[in-house]
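# structure, please.
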Amino acid sequence: GCGCGRNMTAAVVSGHSHAYGMAMEENSLSHGALHQSQQDYEQLVLNSNKEGMDFLRKGQYKQAFEQLKYAEAVVVAKQGEDAPTNLMSVTCNNLGCYYKKVGKLHGALSYLRRALQMEVDLNTDEVTLAGTHLNICAILSKLEKHDKAVQHALSALELINKRVSNTDPAEVPIDDYSVLAIAYHNVAVERDLLQQYDKAAAAFQQGHQVAKRCL
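A predicted model of the protein is given here:
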């Protein structure tokens, strides 16, 4: 998980939700060998992503890279490079996490921006979209592009706020509240670094209230 303490770095949302991104592509052929091979293909890509992220968490970067690049190659061979699909957005997201972890921030940014564009095209749910915005925010912050970072943090905040406010409070998952708290935290950090101190203090306060009330 990601803490929401008042440390002056933009927090990230971990890749776990993307590693198990089980949104499957619809296949118009519901019977026969083609459907089976489509299911096998999806399973292969998701398994490679899951194994890649498991290696990444264990610090086995070479194996993580091999698994994630293999998943990407399989998707590209099947669907082409730019077709927006759930499998490709999951894979790009996880490669973004990999590149961030090994300190290759421009590579990370490139993959996460591709993932974000696909998620928008696919009408992906708000929590996933917000998570991608927050991960992009964290990378831009490390690159000291705080004006751009705050825009992504605000986009995440708007998305997750919309989701939470449209849901019965008793039914909002704890993960949604933690993403909301992280979004407030990141807005606050970036405002602070931009010397917008009043706005930073307000966002810290709102994030603290969410964390205290819901987490």
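# show me what counts as buried in the longest helix that the chain contains.
Using DSSP state H to define each element, the chain has its longest helix at helix 32-57. Applying a neighbour-count criterion of 16 or more other C-beta atoms under 10 Å, one finds 38, 41-42, 44-46, 48-53, 55-56 buried in helix 32-57. No exception for glycine: its C-beta is placed from N, CA and C like everyone else's.
# can you tell me the helix or strand for the residue nearest in space to the middle of the chain?
The chain has Thr132 as the residue nearest its centroid, 3.2 Å off, counting by C-alpha atoms, centre = their mean. Assigned by DSSP states H and E, Thr132 belongs to helix 126-142.
# quick check: buried residues in the next helix or strand after that helix?
For helix 126-142, the succeeding helix or strand toward the C-terminus, using DSSP H and E, is helix 146-165. Going by neighbour count (16+ other C-beta under 10 Å), the buried part of helix 146-165 is 146, 149-157, 159-160, 163-164.
# state the pair within the buried residues of helix 32-57 that is farthest apart.
Gln38 and Leu56 (27.2 Å; C-beta to C-beta).
# quick check: mean pLDDT across the helix holding Thr132?
Averaged across helix 126-142, pLDDT comes to 96.
# name the helices or strands packed onto that helix?
Judged by 3 or more C-beta pairs under 8 Å, 6 or more residues apart in numbering; DSSP states H and E, helix 126-142 is in contact with helix 16-19, helix 86-101, helix 105-121, helix 146-165, helix 174-193.
# low-confidence stretches in this protein?
Residue ranges of the chain with pLDDT under 70: 1-36.
# if we go to 50?
Applying pLDDT under 50 to the chain flags the ranges 1-7, 15-31.
# so Tyr98 makes contact with Gly52?
Yes: in this structure, Tyr98 is within contact of Gly52 by C-beta atoms under 8 Å, at 7.2 Å.
# any shared contact partners between those two?
64-65, 68 (C-beta atoms under 8 Å, 6 or more residues apart in numbering).
# hang on, the earlier thing: any chance of the buried residues of helix 32-57 in CSV, plus distance to Val74?
Shown next, in CSV, are these (distance: C-beta to C-beta, whole Å):
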residue, distance to Val74
Gln38, 12
Tyr41, 7
Glu42, 10
Leu44, 6
Val45, 6
Leu46, 11
Ser48, 7
Asn49, 10
Lys50, 14
Glu51, 13
Gly52, 12
Met53, 16
Phe55, 17
Leu56, 18
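# what is the longest helix of the chain packed up against?
In terms of contacts (3+ C-beta pairs under 8 Å, 6+ apart), helix 32-57 is packed against helix 16-19, helix 61-79, helix 86-101.
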